[in-house]
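> sharing a model that was predicted from the sequence below.
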Amino acid sequence: MFNPFSFLNKNKIRVRIAPSPTGYLHIGTARTALFNWLFAKKYKGKFILRIEDTDLERSEKRFEDDILKGLKWLGLDWDEGPYRQSERLDLYAKYLEQLLKEKKAYYCPHTKEELEKEREWQVANNAVLIHNCDARNKNLNTGELIRFKIPEISPNASGNETTYPAHQIVFDDIIRGQVHFFTSLLGDFALAKNLRTPLYNFAVVIDDFEMRISHVIRGEDHIANTPKQILLQEALGFTRPKYAHLPLILDPDRSKMSKRHSATAIQEYKESGYLPETLVNFIALLGWHPQDDKEKISINELIGKFGLDRIQKGGAVFDVQKLNWLNSEYLKEKTAGELLKSLIDLYGEEKIIFKDKNNTLKLLELERSRMEKLGDFLDLKNNLLLKEYDANLLIWKNTGKEKIKENLRTIQEITRSIFEHEFNQKKLEIYLMPFANQQGRGEVLWPLRAALSGRDKSPGPFELMDILGKDEVLKRIEIAIKKLES
Ligand code: GLU
């Protein structure tokens, strides 16, 4: 019987992340990287980074840079690499020549237009959409593409004659169990445009073999490539790695995660102020969960708990509320000093510092419980700027305008008499609360808070006074009094 864990020969685990640099580091790629990384860490194996840049038109250096930077930021360090397929062309040429020589591959002379016509006919006649090449046995020396010759095997038991006899490829997927494919549906797929321009399915097989990859752990979107890769391995006499195809990541409406619904690039999450430890924790739970169902799990705990056996088959829904909750939990573990440093690194001093560093730290202490992500601080800080507001905001219940104005004047006088060095939350309370208790807390503290914030919701008046500082407080009270006079 197939035992998916028979591979646990600890010395031989070699896994890889093989991103194509055709876009920014995607959440899905980050998850694949994390699962491979965890698997390697858990079994003391090696995690290899391979850049699959054979698609010259779509591959860009800036995407490669982003991918490397993103993986490092997440803490997913690699043991080997980055290897680049574009730097390994001699190797691919060698294997292509071998396949051509052994007549396991051939030059196909058909142009794009001819293939398009063939396809149109197949669509109209409900035929299998594969290229039936009349040159597969002609051994041409050149052509439009190099194709793999799906091996001819005697017709299957039912005796159906098909262009390519129905032969099944079966493989054991660690997550999905036994998977079957008919080679008759694959057709002679393309290996390369020419000896020096390999295509994905071919290059991946050569590299997985040359890099002695023991386990291919990748997204489910690659499952249809696996039978092609297995056929190639068989043609080249390579051993077959173990396969594990991870479930798709879905948007809340259960459609495949897309840019339209959610941010998909890791960089976007970094810029909004999610911590790397949050993202690692969160993406680990996209399709996997520990036995105890714990949700907040550190990277070290993850290494201990992780296993391919607890990965689900069904799609994993991306729940941004859970992400926000997790991030706020990780933010709680940081000191205000650490938060300030991260904020400055992310957004620069100019956007972050309010008056001075100390004051900004005070503001952070005051507001941090309201922050789900670091970027929320920008809004919270902006809320301290006084916006235009209506005089009615200053009125507490049925208290008359005159009374409110009088109270604000008295507060102004008391405030003016407080020394700068005593201008902190505690002392302000000691100086101002007796007056509030005497006149009625609502009648005094509401207009004061409204005058300081210009908003109906804000931190308390003494906290605000402390952060704004004496001059600004006096100025804002004056503005409020003027509003009541007009
Ligand atoms: N280069 C492929 C991608 O970026 C991954 C290939 C693989 O894992 O086999 O989707």
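Cool, the structure landed.
> give me the three-state assignment for the residue lying farthest from the centre of the chain.
Farthest-out residue of the chain from its mean C-alpha position, per C-alpha atoms, centre = their mean: Glu402, at 56.9 Å. With DSSP: H, G, I helix; E, B strand; the rest coil as the basis, the three-state label of Glu402 is helix.
> next: the one 10 residues further on.
Assigned by three-state DSSP, the conformation of Gln412 is helix.
> beta partners of Ile51?
Per DSSP bridges, the residues bridged to Ile51 are Arg84.
> what does the stretch 201-350 of the chain put close to the ligand?
With C-beta under 6 Å from any ligand atom as the criterion, the stretch 201-350 of the chain comes near the ligand at residues Val204, Arg218, His222. Heads up, the C-betas are built off the backbone N, CA and C, glycines and all.
> residue contacts, the second one?
By that I understand Arg218. Ala18, Thr32, Ala244, His245, Leu246 (C-beta atoms under 8 Å, 6 or more residues apart in numbering).
> looking at this, it is in a strand?
Yes: under three-state DSSP, Arg218 sits within a strand.
> going forward, begin numbering at 669 instead of 1
Renumbered: residue one is now 669, and that last one reads Arg886.
> okay, and the beta partners of it?
The partner residues for Arg886, given DSSP bridges, come to His913.
> from Ser1010, how far out is it?
32 Å (C-beta to C-beta, to the nearest Å).
> just the last one next, same as before
As for His890, its distance to Ser1010 is 36 Å (criterion: C-beta to C-beta).
> what does Glu963 give?
23 Å.
> more neighbours: which of these two?
Under the neighbour definition other C-beta atoms under 10 Å, Glu963 and Ser1010 were set side by side, and Ser1010 has more, 17 against 14.
> in which helix or strand would I find the more buried one?
Using DSSP states H and E, the element containing Ser1010 is helix 1004-1015.
> just to revisit the earlier point, I'd like the contacts of Arg886 as CSV, with pLDDT and neighbour count appended.
CSV is the format used below for these (pLDDT from 0 to 100; neighbours: other C-beta atoms under 10 Å):
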residue, pLDDT, neighbour count
Ala686, 98, 26
Thr700, 98, 22
Ala912, 98, 21
His913, 98, 21
Leu914, 98, 27
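> for these, which one is nearest Tyr1015?
Thr700 (30.0 Å; C-beta to C-beta).
> ok now the helix or strand where the closest one lies, how far from the chain's centre?
Here Thr700 sits within helix 695-710, counting by DSSP H and E. Chain-centre distance of helix 695-710: 12 Å, with C-alpha atoms, centre = their mean, to the nearest Å.
> may I have it as PDB, with CA atoms only?
Extracted as PDB, the C-alpha positions of helix 695-710 are listed here (Å, rounded to 0.1, in the frame of the first residue of the first chain):
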ATOM      1  CA  ILE A 695       0.300  35.500  -1.600                       C
ATOM      2  CA  GLY A 696       0.000  32.000  -3.200                       C
ATOM      3  CA  THR A 697       3.700  31.800  -4.000                       C
ATOM      4  CA  ALA A 698       4.500  33.000  -0.500                       C
ATOM      5  CA  ARG A 699       2.400  30.200   0.900                       C
ATOM      6  CA  THR A 700       4.000  27.600  -1.400                       C
ATOM      7  CA  ALA A 701       7.400  28.900  -0.300                       C
ATOM      8  CA  LEU A 702       6.400  28.700   3.400                       C
ATOM      9  CA  PHE A 703       5.100  25.100   3.200                       C
ATOM     10  CA  ASN A 704       8.200  24.000   1.400                       C
ATOM     11  CA  TRP A 705      10.400  25.900   3.900                       C
ATOM     12  CA  LEU A 706       8.500  24.400   6.900                       C
ATOM     13  CA  PHE A 707       8.800  20.900   5.400                       C
ATOM     14  CA  ALA A 708      12.500  21.400   4.900                       C
ATOM     15  CA  LYS A 709      13.000  22.800   8.400                       C
ATOM     16  CA  LYS A 710      11.000  20.100  10.000                       C
END
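> buried residues, it. List them.
For helix 695-710, a neighbour-count test (16 or more other C-beta atoms under 10 Å) marks 695-710 as buried.
> likewise stretch 1130-1146?
Neighbour-count burial for stretch 1130-1146 flags Phe1130, Glu1131, Leu1132, Met1133, Asp1134, Ile1135, Leu1136, Lys1138, Glu1140, Val1141, Arg1144, Ile1145 (criterion: 16+ other C-beta under 10 Å).
> for the second one, what are phi and psi?
As for Glu1131, its main-chain torsions (degrees, to the nearest 10) stand at phi -60, psi -40.
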